[in-house]
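K.L.:
dropping a prediction and its sequence here:
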Amino acid sequence: METTSENIRQLLEMLDNPEAYTEQEIQDIINRDEDTRETYRMVVETKRSSRQRQAEKPIDVDAAWQKFNQKIQPQQHSFDWMKIAASFIGVLFVSGIAFAAIQIVRYTQQNTPKTEEVVNTPKPADYTPTDTLTTDTIAAPQPIIYDNIPLEKMLPEIAAFYVASAEGHRKSRQ
């Protein structure tokens, strides 16, 4: 008994030269086993499909490409305008957020009470007079210690201190 690959080889040879075989030989080759029948069926369907495609009119690739370009070009121009508009809107949005943030900070600085909450500060009775201080000595500001104070209260005070010292520094340089 012949192998399946030998049967398929004979089938393909028979399909290439069908005039060399009689009708009975062709039927015998096709019906030898299930794999050969399946291969023959697939080859027949492939040829049938190929004939149908050859019967259809050929596609003009250049004409199809031109048609495609005509459909796409108007959309490309509108896309460019959409990109520009989206960029402009994005810049406006970011600018608005920055402006709002500046206004919030200014409002917070103006409406914050200037109270200092100091923990563990010495009382005036705890001070002892010293003879070492002269009248022309400028006392350094005492450090402020924040303990369990919300950040919203601390930041405006810190910012006000640095703004005041920057202005004083600027005035002293002039």
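P.N.:
Thanks, I have the structure now.

K.L.:
from here on, just use CA atoms for contacts and neighbour counts.
P.N.:
Fine.

K.L.:
avg pLDDT for stretch 107-122?
P.N.:
For stretch 107-122, mean pLDDT rounds to 67.

K.L.:
what number of residues lie near Ala20?
P.N.:
Neighbours of Ala20 under the rule other Cα atoms under 10 Å: 12.

K.L.:
contacts only, for it.
P.N.:
Met14 (Cα atoms under 8 Å, 6 or more residues apart in numbering).

K.L.:
state the distance from it to Asp35.
P.N.:
23 Å (Cα to Cα, to the nearest Å).

K.L.:
how about Met14?
P.N.:
Taken as Cα to Cα, the span from Met14 to Asp35 is 16 Å.

K.L.:
could you check how many residues crowd around Ile26?
P.N.:
16.

K.L.:
next up, identify which helix or strand the closest residue to it other than its chain neighbours is on.
P.N.:
Counting by Cα to Cα, 6 or more residues apart in numbering, Met14 is the residue found nearest to Ile26 once chain neighbours are left out, at 7.2 Å. Here Met14 is covered by helix 4-16, with elements defined by DSSP states H and E.

K.L.:
run through who's touching the helix or strand following that helix.
P.N.:
Moving toward the C-terminus from helix 4-16, the next helix or strand (DSSP H and E) is helix 23-30. Residues outside helix 23-30 that contact it (Cα under 8 Å, 6+ apart) are 7, 10-11, 14, 18, 36-37, 40.

K.L.:
repeat that for stretch 103-110.
P.N.:
Under Cα under 8 Å, 6+ apart, the answer for stretch 103-110 is 156-157, 160.

K.L.:
Serialize those to TSV and add fields for secondary structure and neighbour count.
P.N.:
Formatted as TSV, the contacts of stretch 103-110 follow (DSSP: H, G, I helix; E, B strand; the rest coil; neighbours: other Cα atoms under 10 Å):
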residue	secondary structure	neighbour count
Pro156	helix	20
Glu157	helix	17
Ala160	helix	14
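
K.L.:
residue ranges with poor pLDDT in the protein?
P.N.:
1-2, 52-57, 74-79, 113-140, 174 (pLDDT under 70).

K.L.:
let's see it at 50
P.N.:
Flagging of the chain using pLDDT under 50 yields the residue ranges 1.

K.L.:
make JSON lines out of the contacts of helix 23-30 and add distance to Ile84.
P.N.:
Formatted as JSON lines, the contacts of helix 23-30 follow (distance: Cα to Cα, whole Å):
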{"residue": "Asn7", "distance to Ile84": "68"}
{"residue": "Gln10", "distance to Ile84": "68"}
{"residue": "Leu11", "distance to Ile84": "66"}
{"residue": "Met14", "distance to Ile84": "67"}
{"residue": "Pro18", "distance to Ile84": "68"}
{"residue": "Thr36", "distance to Ile84": "64"}
{"residue": "Arg37", "distance to Ile84": "64"}
{"residue": "Tyr40", "distance to Ile84": "61"}
